[in-house]
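Asker: A predicted structure for the sequence below; I have some questions about it.
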Amino acid sequence: MELSVLYFANREVTDASAEYDLLLDTARFADEHGFRALWMPERHFHRFGGAYPNPALTAAALATVTRNIRLRAGSVVVPLHDPLEVVENWSLVDNLSRGRVDLASVRAGRPTTSSWRRTVTRSAGS
């Protein structure tokens, strides 16, 4: 049987450093004990995973402290990003991890993220 870690924290973060330490420690443990993958979300402005707005950055950090475990984005909300940046960021992570990246993409997030993207786009003059 293969086991994975789904890292979708569902609590308010009061100490961001401790939250990320827990993530890194969890990744090290899973890597050392033969877990198959660690899934991480892209979440914005919400208690459910809101401390993890960019799975590429999270995965880049995890790539430096693990050697075997697959690094999986449970959701990359492509409409919130320039698609070329998504490819470039994940290419970097794939190289850092020596090919241990798996991606899942979605076309929309929560209503708050969709309205956030429209607001940012309008304010940028697009």
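Answerer: Arrived safely. Numbering: from 1, shown residues only.
Asker: center of the protein - which residue?
Answerer: Here the mean C-alpha position of the chain is nearest to the C-alpha of P55 (CA atoms, centre = their mean), at a distance of 1.8 Å.
Asker: Output the contacting helices and strands for the lengthiest helix in the chain.
Answerer: Longest among the helix segments of the chain by residue count, using DSSP state H, is helix 16-32. Where contact means 3 or more CB pairs under 8 Å, 6 or more residues apart in numbering; DSSP states H and E, helix 16-32 is packed against strand 4-6, strand 37-40, helix 55-63. Bear in mind the C-beta positions are built from the backbone N, C-alpha and C, glycine included.
Asker: in a helix, that's where A104 is, yeah?
Answerer: No. The assignment for A104, made by DSSP: H, G, I helix; E, B strand; the rest coil, is strand rather than a helix.
Asker: That one contacts G74, doesn't it?
Answerer: Yes. Using CB atoms under 8 Å, A104 and G74 qualify as a contacting pair, with a distance of 5.8 Å.
Asker: Show the low-confidence segments of this structure, by residue range.
Answerer: Counting by pLDDT under 70, the chain shows low-confidence ranges at 9-11, 45-50, 108-126.
Asker: If we use 50, what do you get?
Answerer: 113-123, 126 (pLDDT under 50).
Asker: distance between the top strand by length along it and the chain's centre?
Answerer: Longest strand in the chain by number of residues, with DSSP state E as the criterion: strand 70-77. Here the centre of strand 70-77 is set off from its chain's centre by 6 Å, with CA atoms, centre = their mean, to the nearest Å.
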